[in-house]
Each structure stands twice: as C-alpha cells, then as structure tokens.
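Peer 1: I'd like to go over a predicted model; first the sequence, then the structure.
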Amino acid sequence: MRTMQYNEYYDAVVIGAGHAGCEAALACARMGHSTLLVTLNLDSLAMMPCNPSIGGTAKGHLVRELDALGGEMGRAIDDVFIQSRMLNTGKGPAVHSLRAQADKKEYQKRMRRAVDDCEKLDLRQAEIRQIFVENGRVTGVETTTGSLVGCRAAIVCTGVYLKSRIIIGECSWNGGPQGLLAANALTQNLMDLGFAIRRFKTGTPARIDGRTIDFSRMEPQDGDDPIVPFSFLTDPSGLKNRARCYLTYTTPETHKVIMDNLHRAPMYSGTIHGTGARYCPSIEDKVVRFKDKERHPIFMEPEGLNTNEWYAQGMSTSMPEEIQRAIYATVPGLEHAKILRLAYAIEYDCIDPQQLNLSFRAREIEGLYFAGQINGTSGYEEAAAQGLYAGMNAALWLSGREPMILTRADAYIGVLVDDLVTKGTDEPYRMMTSRAEYRLLLRQDNADLRLTRLGYEAGLASQERLRRMEQKRDQTAAAIDALKKLHLVEKLRRTEESFDSLRAQKPELNDFPPEIKQQAEIEVKYEGYISRQLAEEKKFRRMENVPLPADADYLNMSGLRIEARQKLDKQRPASLGQASRIPGVSPGDITVLMIWLKSLGCRPEEDE
C-alpha cells in the first residue's frame, strides 16, 4: 500500500460522538494524547435517540464503574437528571441498580461542554469513509470530502449509523435515528480490512404530546428521597427530583389491534432482515410471544423540562403509521394522544466482536479499536462503558504501556468485554445482573473501591477520586471495627436490624456517613455469601492468570477435538480461563491444554 500524505496529525481519531465516542475521546485526551472526535452532525453529540434515561438494572452498575475509573457519564447525568430511583430495593444489594430520567437536551449540552473544555481534544463534523492501515498498523483516516488525517490509533464508535435504514410499516429509507443521515461509506472499508459484518436491528417508541395525555388515568411514579447520585464525586445534598413519571398498561383491545394487523408488521412480513434485541422486544413481539398476558406495562417518561414530548417506554413498534395511532389510542390515558414522532425500527451494520482482543483492539491491526453498538451491543450505558474502556486502552497503547484488562471478577465492564470477545453475540447484547457470576462482589455501591485505583494508575481517575475512595475504605473498616468492639456484629446480621437501629440502642456507637453505614451493613450481613464468592473468585483468577502462548499451534495439537482446534485457532485466547469460556471448547479440551501447559513447565491445575 502506498504511503499517505496527511494534511494534519493526531495521536488518535475517534469515529462517532455518541455515548461510546464521547467517553473514548475524553479518556484518550485526558490521558495526554491529542485526539480528534469526528461526528456526522455536531448537534447529535451524546444524543439519546431512544429512552430518556441513564442506568437501570445492571446498566446502573456500568455507569458507576465507568465513573469510578474516571469517566464522564455519571457526572453528566447527576447534573441534568429530572427524576432518580433505585431499582430492585426489595431484593439483595447485588442487584440494586440506579436509574435516572434525563433532560435529553440538557444532557447533550452537558456532554458537549465536557468535550469543548477538554484539552488536547478537537471536535469536527465529517464522515469518515476510510481507515488506512500500513504493515498491520493504523496510519490515518479519510473523510468523504477528501480530508486526510494521520493518526496512530483509531477508535470506531459508529453506533447504529453504518448503512442504517429506518422502517415504518411498508415505508423504509436510508437514514439514522431522529431524521439524521446514515454513514454509508465505512462498512466496505471495514470489510476490506477483514471484518465480518452483521446486520442488527433496534427500535424506539413514538413520542407523545404531553398536553394530550390524560394522566389521571395513569399511576404516578415518583422518584426517591433522599437521592443517591451516580458519580462518587457528586454531593447528594443538593439533588432533588423535578418531574414525575406515570405507569399505564396495554389492554385486550391493544392486543387485538396488533394481532389483526400482524401481517403488516415489518418483523413478521419479512421487511426487516436484521436481528433484533431479545430483551427489548417491540410491543407486537411481546403480544405474540406472551399470549397469556392480558396486559403489558407502559411507562410514560418526560423527555425534558422544556418540551411537551413524552416517551412511551415499552411501546416500541415498527407498525405502519395508521396502525400505530390505533394501537396507542387503546391505552388508558392515551385515547386522545397526539403522536409527535412515529415509532420506528432501524437496521444497521456492526462487526463480529470476536475479532477483537480483550483490550477491544482488533487482533490483526495495531492501533484499531472498537466500542459501542458497532460491537453488537445495545444501550447507552453499554456503549459508554465500552468507549471508556477502548479509549483508556488506546491511550495506554499509544504510551507504550500494557493494556488495562478487566476480568469477569473485576467488574461488570469485564463481564461485558469477555462476553463479546470470547462468546460473541448473535443479537444486540444487553447487560444483565444474571450475566455476572460474582455479582455480590461487583455491586454498584463498591465500584469505587474496586476500580478507582486502577483508573488512577492508568492516568485517568484523579487524585481527588483516589483520596475519596481511600477515605471510604478506611471509614468502612472503622465502622466495622466499632461494631466488633461493642459486640454488635451478630446482632446486625438479623434482618430487622440496621446500623441506625443499633445506634439507637447503643448511643456509644459512633455515627458515620450513609454510604459508610451501607458498606458496613452489607459486609456484615452478607459475610458468609461474600466469603463463598471470594473463594470462587480465587479459583477463577487461577485459571485467568495462566497465559496461553500467542503462537500456540492449536490446529496440530493432539488430543483436542476438531471443533476446539478451530475455535481456539480463530480466537487465540489470552488465558486458560478465557479458553474455557469459548463456545465449542469442552472441559475435556481444557484438560488437554492444561497437560500441554504442564509439559511447557506450567502447573495451572495445582492450587496455590
């Protein structure tokens, strides 16, 4: 390939300024590298094309973790949220998840300020049509208008825009979310670079004029008081809810309208070819799959304080316009509602993430990273977490340092990365608490204790973050020590007791900040469960800490089944643990690898 003559040069170029791209660019620039963030439309930076919220079950964990590492999403949503709730409080602390309604426009403005104020970070409106690779390394990119930008690293965060197609009933056109343009040029370049391309699909509900909603027919859904912030740097004392959400339900009439017109649903008529998200189905898919359910919940959520648009959570559809109007009119409170934006489905191109290594770098191309929905995921939070992870690792690579690899025992982000890279995904991937084997250890409340030092050592988390984490750690230890000295540990293990109830009984027990008392209570009440998970985690790390040679000749390794040879040769796992999670690699194959490693002088099967 000919050597390019570039017009300008950056250490890194980030392609796409959605939630993944913003976090990737901010991380890379804050870690000291000149970075260019390129987006199709400056006004779409950090846009929320779907639900007006951040967090939710398992997703809240991801936001807390990226905040602990030094990311921006947690601080941004704390600044602009209009309602906040902690989900799953009726269950154990492992699945407690924070969720906040966002003012969508204010969130974009808040993230734009972060990008604009970041040193070493430039922002530009353009479409990238080509990534240049010479001798297996990224050298630069080219825009559709012919501008050539040199770089050592490129981070692809194109979201749902690659050859995207909007579908409403029998109507379809090439385009991105919310009337924006599609990115039609880059897919072919990625294919030329050797990437397998998939076609996925997602969708969004209609937006309703709030002035035409009869809220008296719906159930009010208020936020929490007091409010728990997402960021470990946010002072919770000044936070307050400023909006209310509402709950309504579909009816048998809703289901009848859908079933009578199912032949016109693109998902069932063959119009849609992309694979949709199993865990975020359209309303027509819910009605078909769950025929025994008489109703499905619909949450009405405001899109902001200065707009009349409301989001109908749970009513995603791609039905024709007249059918959409008929469906919405059957829902209590929406009988006379006016639709401001129609619901739609969107198809788009993405890659097979199994072509990446555990740092999110392309295995065959140095300096090329991928993050967000281009990796086959869904959701703002999954995208942002990947962006931060890819941006940090690109920055570390640019500095000649080893990557930061988070494992399944370190973080939900580690679970996300490992699932994508090791197992792959045949549908839009969504994070869930059930995916995390060590979820009692990976709680959202202790994300700072788990990850802040890693973020600090990488060069992203600030000294102030580290100081606060260490203070929290020390105060938690002091609180537990105080309980032990007063012989209150056993008493606190009772379900009905809390740190505050014990203080009422024993005034000599010192008081502590709420988050410290929470940590102490969890560690005491769940000590037995935590100890068991720690033992399981230790076994996991033993396997994870046994590296596999990068040049291992799996295809000619006797004892391995043919399927295992092919899978191992294709994915080149970094460790014995990662090899054990590759679909098609059996426990017997792992035993063969352990014997082979032992012959090389390793003893992975022995306990420490």
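Peer 2: Thanks, I have it.

Peer 1: spatially, what comes nearest to the residue positioned nearest the centre of the chain if we skip its sequence neighbours?
Peer 2: Centre of the chain computed as the mean C-alpha position; nearest residue by C-alpha atoms, centre = their mean is residue 382, 1.0 Å away. Closest residue to residue 382 apart from its sequence neighbours, by C-beta to C-beta, 6 or more residues apart in numbering: residue 431 at 5.5 Å. For every residue, glycine as well, the C-beta is placed using N, CA and C.

Peer 1: pLDDT at that neighbour, what is it?
Peer 2: pLDDT, residue 431: 96.

Peer 1: do residue 253 as well
Peer 2: Reported pLDDT for residue 253: 97.

Peer 1: that one in helix, strand or coil?
Peer 2: Assigned with DSSP: H, G, I helix; E, B strand; the rest coil, residue 253 falls in the helix class.

Peer 1: hmm, it is touching residue 331, no?
Peer 2: No. Counting by C-beta atoms under 8 Å, residue 253 sits too far from residue 331 to count as a contact (9.0 Å).

Peer 1: which of those two has more neighbours?
Peer 2: Ranked by neighbour count (other C-beta atoms under 10 Å), residue 253 and residue 331 place residue 331 first, with 27 against 13.

Peer 1: give me the three-state assignment for the more buried one.
Peer 2: coil.

Peer 1: that one contacts residue 251, doesn't it?
Peer 2: Yes. Residue 331 is within contact range of residue 251, at 6.8 Å (criterion: C-beta under 8 Å).

Peer 1: wait, is the residue nearest to the centre of the chain part of a helix?
Peer 2: Yes. Using three-state DSSP, the assignment for residue 382 is a helix.

Peer 1: against residue 172, how distant is it?
Peer 2: Plainly put, residue 382 is 26 Å away from residue 172 if you go by C-beta to C-beta, to the nearest Å.

Peer 1: same question, residue 229
Peer 2: Distance, residue 229 to residue 172, by C-beta to C-beta: 42 Å.

Peer 1: higher neighbour count, these two?
Peer 2: A direct count of neighbours by other C-beta under 10 Å for residue 229 and residue 172 places residue 229 higher, at 22 against 18.

Peer 1: which residue is the nearest non-sequential neighbour of the more buried one?
Peer 2: Per C-beta to C-beta, 6+ apart, closest to residue 229 is residue 78, 4.7 Å.

Peer 1: show me how far stretch 204-217 is from its chain's centre.
Peer 2: Centroid separation for stretch 204-217 versus its chain: 28 Å, with C-alpha atoms, centre = their mean, to the nearest Å.

Peer 1: mind checking the end-to-end distance for it?
Peer 2: This stretch, stretch 204-217, spans 24 Å end to end (C-alpha to C-alpha, to the nearest Å).

Peer 1: pull out the buried positions in that stretch.
Peer 2: Going by neighbour count (16 or more other C-beta atoms under 10 Å), the buried part of stretch 204-217 is 204, 205, 206, 207, 208, 210, 212, 213.

Peer 1: how close does the second one get to residue 331?
Peer 2: It stands for residue 205. Going from residue 205 to residue 331 by C-beta to C-beta gives 11 Å.

Peer 1: where does the chain have low pLDDT?
Peer 2: Judged by pLDDT under 70, the chain has its weakly predicted residues at 1-3, 603-608.

Peer 1: how about a cut-off of 80?
Peer 2: For the chain, applying pLDDT under 80 flags the ranges 1-4, 269-274, 276-280, 601-608.

Peer 1: please tell me I have it right and the residue nearest to residue 229 contacts residue 230.
Peer 2: Yes. Under the criterion of C-beta under 8 Å, residue 78 makes contact with residue 230 at 5.4 Å.

Peer 1: between these two, which one's more packed in?
Peer 2: Higher neighbour count among residue 78 and residue 230: residue 230, with 25 against 22, using other C-beta under 10 Å.

Peer 1: wait, the more buried one sits on residue 100?
Peer 2: Yes. Residue 230 is in contact with residue 100 according to C-beta under 8 Å; the separation is 6.8 Å.

Peer 1: buried stuff in stretch 277-287?
Peer 2: Residues of stretch 277-287 classed as buried: 277, 280, 281, 282, 283, 284, 285, 286, 287 (neighbour count, 16+ other C-beta under 10 Å).

Peer 1: the closest residue to residue 407 other than its chain neighbours: neighbour count?
Peer 2: Excluding its sequence neighbours, the residue lying closest to residue 407 (C-beta to C-beta, 6+ apart) is residue 414, at 4.7 Å. By the criterion of other C-beta under 10 Å, residue 414 has 21 neighbours.

Peer 1: did I read that right, residue 414 in a helix?
Peer 2: Yes. Judged by three-state DSSP, residue 414 forms part of a helix.

Peer 1: how near is it to residue 354?
Peer 2: As judged by C-beta to C-beta, residue 414 and residue 354 stand 17 Å apart.

Peer 1: where does the residue lying closest to residue 445 once chain neighbours are set aside land in three-state SS?
Peer 2: Excluding the flanking residues, the one nearest residue 445 by C-beta to C-beta, 6+ apart is residue 518, at 6.1 Å. Put simply, residue 518 is helix when judged by three-state DSSP.

Peer 1: would you confirm that residue 518 contacts residue 443?
Peer 2: No. Residue 518 is beyond contact range of residue 443, at 9.9 Å (criterion: C-beta under 8 Å).

Peer 1: more neighbours: which of the two?
Peer 2: residue 443 (26 against 21).

Peer 1: contacts only, for that one.
Peer 2: 61, 93, 94, 96, 522 (C-beta atoms under 8 Å, 6 or more residues apart in numbering).

Peer 1: any idea which element the last one lies in?
Peer 2: Element membership of residue 522 [criterion: DSSP states H and E] is helix 514-525.

Peer 1: just the strands in the stretch 201-350 of the chain please.
Peer 2: Under the criterion DSSP state E, counting those that start in this stretch, the stretch 201-350 of the chain contains strands at 207-209, 219-221, 245-249, 297-302, 309-313, 339-341, 344-351.

Peer 1: and if you look at the stretch 351-500 of the chain?
Peer 2: Under the criterion DSSP E, counting those that start in this stretch, strands of the stretch 351-500 of the chain are mapped to 368-370.

Peer 1: now the helices for it?
Peer 2: Ranges of helices within the stretch 351-500 of the chain are 380-398, 412-418, 447-458, 463-485, 489-492, 499-505, based on DSSP state H, counting those that start in this stretch.

Peer 1: buried residues in the last one?
Peer 2: Going back to what we said before, that points to helix 499-505. Buried residues in helix 499-505, counting neighbours by 16+ other C-beta under 10 Å, are found at 499, 502, 503.

Peer 1: contacting residues for residue 57?
Peer 2: By C-beta under 8 Å, 6+ apart, the contact set of residue 57 is 87, 88, 95, 97, 99, 432, 433.

Peer 1: list buried residues within the residues you listed.
Peer 2: By neighbour count, with 16+ other C-beta under 10 Å, the contacts of residue 57 hold 87, 88, 95, 97, 99, 433 as buried.

Peer 1: now the third one: how far from residue 248?
Peer 2: To tie it back to what came earlier, the one meant is residue 95. Separation of residue 95 from residue 248 (C-beta to C-beta): 26 Å.

Peer 1: tell me how far the ends of stretch 41-58 are from each other?
Peer 2: OK, stretch 41-58 end separation, C-alpha to C-alpha: 30 Å.

Peer 1: in JSON lines, list the buried ones among the contacts of residue 57 along with secondary structure and distance to residue 188.
Peer 2: Shown next, in JSON lines, are the buried ones among the contacts of residue 57 (DSSP: H, G, I helix; E, B strand; the rest coil; distance: C-beta to C-beta, whole Å):
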{"residue": "87", "secondary structure": "strand", "distance to residue 188": "42"}
{"residue": "88", "secondary structure": "coil", "distance to residue 188": "44"}
{"residue": "95", "secondary structure": "helix", "distance to residue 188": "43"}
{"residue": "97", "secondary structure": "strand", "distance to residue 188": "40"}
{"residue": "99", "secondary structure": "strand", "distance to residue 188": "39"}
{"residue": "433", "secondary structure": "helix", "distance to residue 188": "39"}
